[in-house]
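Trainee: Requesting a structural model of the entry that follows:
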Amino acid sequence: MVSQEQRRRQLAREKFLRQQQRRTSARRRTQTRNAVIAAVVGVVVAGGATAYATGVFKSDDKKTNAGAEATPSAAPTSKAPDPCEKPAEGAVKSLTWKKEPAVTIDKSAAYSMKMATTCGDIDIALKAAAAPHTVNSFAFLAGKGYFDHTKCHRLTTNGIYVLQCGDPTAQGSGGPGYTIPDENLKDKTLKGNVYPAGTIAMANTGQKHTGGSQFFLVYQDSQLPPSYTPFGTISKSGMTVLKKIAAAGESTGQGDGAPNATVVVNKLTVTKS
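Mentor: Residues are numbered from 1 along each chain as shown. This next block holds a predicted model:
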């Protein structure tokens, strides 16, 4: 017997995924239109993968749950205080590449990633052996300063529970110009189509092998299809930072929007142990 709460969550997830499919279709139409415009005016558009790494974790729709659908006029909740510090001085770099960098990491070694954010440090143990292309890409991009001074642009607090980062544009449409293959989709931690709290995974367009630079940090167990490369585990102290960010809520009051906390990655580094 399915409880009302289980049914509500199921409806919320189904609605959320339908919305993202519509978003993906709309982005593809926009990309095609922009490509035609660029050809006519002779403008070379850099970073052809601008819609990469968004997928189910990119939405402009403020209603992401069944309750919101039933009460579309519900007013957003009052904004919570910002628990984070001011960003470090510096600007986001505009960088793109035509193809994925060659895999040069040592697959047998241990790698870690540190996100030094305005809300605190988030340390992550990376899964180099299980997701070598993903870890290699992060090591490459981090070395170029690609993630430095970027905002984490999306927080979901209903249905799924994630903080999304890795987009230099902070709009959910940015990427490094290349894509990487899906990896580690049969990770033993993904039981019952649940990405457990403490997982870091790649966002994508909803299609296979479309990950770029955007990723999401799971702060509470989230039921999702195993389509998003899990490539690391967040430390206990990092989870404390994530929960602080989540507690501040998101901007729409509907469960899916920009975080109220000013989450900026001052510096992202990948280190071989």
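
Trainee: Now do the contacts for Gly238.
Mentor: Met115, Asp121, Ile122, Asp123, Ile124 (CB atoms under 8 Å, 6 or more residues apart in numbering). Yep, even glycine has a C-beta here, placed from its N, CA and C like the rest.

Trainee: ok, longest strand in the chain?
Mentor: strand 264-272 (DSSP state E).

Trainee: Looking at the contacts of Gly238, which is nearest Tyr219?
Mentor: Ile122 (10.4 Å; CB to CB).

Trainee: Give me the distance between that closest one and Tyr146.
Mentor: 17 Å (CB to CB, to the nearest Å).

Trainee: Show me which of the two is the more surrounded one.
Mentor: Ile122 (27 against 22; other CB atoms under 10 Å).

Trainee: mind checking how far Ile124 is from Met202?
Mentor: From Ile124 to Met202 the distance is 13 Å (CB to CB).

Trainee: what about these two, which has more around it?
Mentor: Met202 (29 against 24).

Trainee: surely the more buried one meets Leu217?
Mentor: No. Between Met202 and Leu217 there is no contact under CB atoms under 8 Å: 11.5 Å.

Trainee: overlap in contacts of those two?
Mentor: If you check Met202 and Leu217 against CB under 8 Å, 6+ apart, no residue is contacted by both.

Trainee: Which residue ranges of the stretch 101-250 of the chain form helices?
Mentor: Along the stretch 101-250 of the chain, the stretches classed as helices by DSSP state H, counting those that start in this stretch are 132-143, 236-247.

Trainee: Report the distance from the last one to the chain centre.
Mentor: Yep, that's helix 236-247 we're talking about. Relative to its chain's centre, helix 236-247 lies at 16 Å (CA atoms, centre = their mean, to the nearest Å).

Trainee: Beyond it, next helix or strand please.
Mentor: strand 256-257 (DSSP states H and E).

Trainee: strand partners of that following strand, parallel vs antiparallel please.
Mentor: The pairing partners recorded for strand 256-257 under DSSP bridges are strand 154-158 (antiparallel).

Trainee: Could you tell me the angle between the strand it pairs with and helix 236-247?
Mentor: 80 degrees (axes from the mean of the first three to the mean of the last three CA atoms, to 10 degrees).

Trainee: Show me the shaky parts of the stretch 1-150 of the chain.
Mentor: Scanning the stretch 1-150 of the chain with the threshold set as pLDDT under 70 gives 1-9, 12-80.

Trainee: for the stretch 151-273 of the chain, same thing?
Mentor: Those would be none, if you go by pLDDT under 70 across the stretch 151-273 of the chain.

Trainee: With adjacent residues omitted, what lies nearest to Gly120?
Mentor: Leaving aside its sequence neighbours, Gly120 sits nearest to Val241 (CB to CB, 6 or more residues apart in numbering; 3.9 Å).

Trainee: cool, and Glu100?
Mentor: Per CB to CB, 6+ apart, closest to Glu100 is Tyr178, 4.6 Å.

Trainee: Now for Val263: which residues touch it?
Mentor: Cys84, Thr117, Thr118, Cys119, Lys151, Cys152, Leu163, Cys165, Ile245.

Trainee: ok, so what distance separates the spatially closest residue to it that is not a sequence neighbour from Ala128?
Mentor: Distance criterion CB to CB, 6+ apart; nearest residue to Val263, sequence neighbours excluded, is Cys152 at 3.9 Å. Separation of Cys152 from Ala128 (CB to CB): 23 Å.

Trainee: what about those two, which has more around it?
Mentor: Cys152 (28 against 24).

Trainee: that older thread, and the contacts of the longest strand of the chain?
Mentor: 84, 87-88, 90, 105-106, 109-118, 126, 135, 138-139, 142-143, 147-152, 165.

Trainee: cool, stretch 143-154 as well?
Mentor: With CB under 8 Å, 6+ apart as the criterion, stretch 143-154 contacts 57-59, 87-88, 90-93, 95, 115, 117, 141, 162-168, 170-172, 176, 213, 245, 250, 256-259, 262-268, 270.

Trainee: Alpha carbons of that stretch, as CSV, please.
Mentor: Output in CSV follows, covering the C-alpha atoms of stretch 143-154 (Å, rounded to 0.1, in the frame of the first residue of the first chain):
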residue,chain,number,x,y,z
GLY,A,143,44.1,23.6,-13.0
LYS,A,144,42.9,26.3,-15.5
GLY,A,145,41.0,28.2,-12.8
TYR,A,146,37.7,27.4,-14.7
PHE,A,147,35.6,27.1,-11.5
ASP,A,148,37.1,29.9,-9.5
HIS,A,149,34.7,32.7,-8.6
THR,A,150,31.7,30.9,-10.1
LYS,A,151,28.3,30.8,-8.4
CYS,A,152,26.4,27.7,-7.4
HIS,A,153,23.2,28.7,-9.2
ARG,A,154,20.5,26.3,-8.2
